[in-house]
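Colleague: Predicted model and sequence below, questions to follow.
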Amino acid sequence: MDIVNPLAELYAQQHSTVPESILQEIEHHTLTNHAHPHMISGAVQGKFLGMISEMINPSRVLEIGTFTGYSAICLSKGLTDNGLLHTIEIREDDAALANSNFKKAGVEHKIKLHVGNALDIIPELEENWDLVFIDADKVSYISYYELTLPKLRKGGWMIIDNVLFHGQVLESSIKGKNAKSIHEFNNHIGKDSRIEKIMLTIRDGITLIRKR
């Protein structure tokens, strides 16, 4: 199921600021060479991430799920002069490609890439986060959320991707472990008084969270 009409997505892209050339290059390479190209954030969502980062002007950002590095580059846009973005990728091949893309974009000094299981890595990071972006394996979304929320500063922000999961969460009978996990996550945060949130129908669904 297309959550966003493809024509509407194209129209939105045509009426949004054109991504810089390196982002266009990364997107093109991912779409033409990667086995799972749909996982890239893309132009519209990438611009959204970049503008949110620029509005927040974070010192410390955590991204869970690097993929080929597109979203991390976008999120690095708003970092303070001494800011740092930590990003975690479990697949070594994608991590290597992302690292190469960070160097091409000239942001490698702003990004620290961790390779491995985020559930093991997150507790070892001695940081207080201003902004967290979760876009990794769906079955672990609640775990990622609960691991990071205590270290998110008061007034800090989270961005959660794929909260509509291809429209499967809208079905009367939700099937598949990923869709079920996303539905459980959405219900989980829906009951959480520690935050305020809004679900946006951008691409595959994004929830924007602010810690009270």
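Modeller: Good, I have the coordinates. Residues are numbered from 1 along each chain as shown.
Colleague: which residues make contact with stretch 110-130 from outside it?
Modeller: Stretch 110-130 is touched from outside by 56, 58-62, 64-66, 72, 76, 79, 83-90, 92, 95, 98-99, 102, 136, 140, 143-144, 147-148, 151-153, 156-157, with contacts defined as CB atoms under 8 Å, 6 or more residues apart in numbering. Backbone N, C-alpha and C define where each C-beta goes, glycine included.
Colleague: mind listing which of these are in helices?
Modeller: 56, 72, 92, 95, 98-99, 102, 143-144, 147-148 (DSSP state H).
Colleague: Distance-wise, check His2 relative to Ser100.
Modeller: Residue 2: Asp, not His. Between Asp2 and Ser100 the computed distance is 32 Å (CB to CB, to the nearest Å).
Colleague: Comparing those two, which residue is more hemmed in?
Modeller: Ser100 (14 against 11; other CB atoms under 10 Å).
Colleague: For Gln14, grab phi and psi.
Modeller: phi -70, psi -20 (degrees, to the nearest 10).
Colleague: One more: His34?
Modeller: phi -90, psi 150.
Colleague: the strands in this protein, which residues?
Modeller: 60-64, 84-89, 111-115, 129-134, 152-161, 195-200, 206-211 (DSSP state E).
Colleague: Figure out which of these is closest to Met39.
Modeller: Nearest to Met39, of all the strands of the chain, is strand 152-161, at 9.6 Å by CB to CB.
Colleague: between that closest one and strand 195-200, what angle do the directions make?
Modeller: Between strand 152-161 and strand 195-200, the angle comes out at 20 degrees (axes from the mean of the first three to the mean of the last three CA atoms, to 10 degrees).
Colleague: Buried residues, strand 152-161. List them.
Modeller: The neighbour-count check on strand 152-161 (16 or more other CB atoms under 10 Å) flags 152, 156-161 as buried.
Colleague: who's in contact with the closest residue to Phe185 other than its chain neighbours?
Modeller: Leaving aside its sequence neighbours, Phe185 sits nearest to Tyr141 (CB to CB, 6 or more residues apart in numbering; 4.2 Å). Tyr141 makes contacts with 134, 160, 181-182, 185, as judged by CB under 8 Å, 6+ apart.
Colleague: How much space separates Asp161 from Ser59?
Modeller: From Asp161 to Ser59 the distance is 22 Å (CB to CB).
Colleague: Equivalent analysis for Val18, please.
Modeller: For Val18, the distance to Ser59 - CB to CB - is 29 Å.
Colleague: Of the two, which one has the most company?
Modeller: Legend: neighbour count by other CB under 10 Å for Val18 and Ser59, higher for Ser59 (17 against 11).
Colleague: Run through the residues that contact Thr17.
Modeller: Shown in contact with Thr17 (CB under 8 Å, 6+ apart): Lys47.
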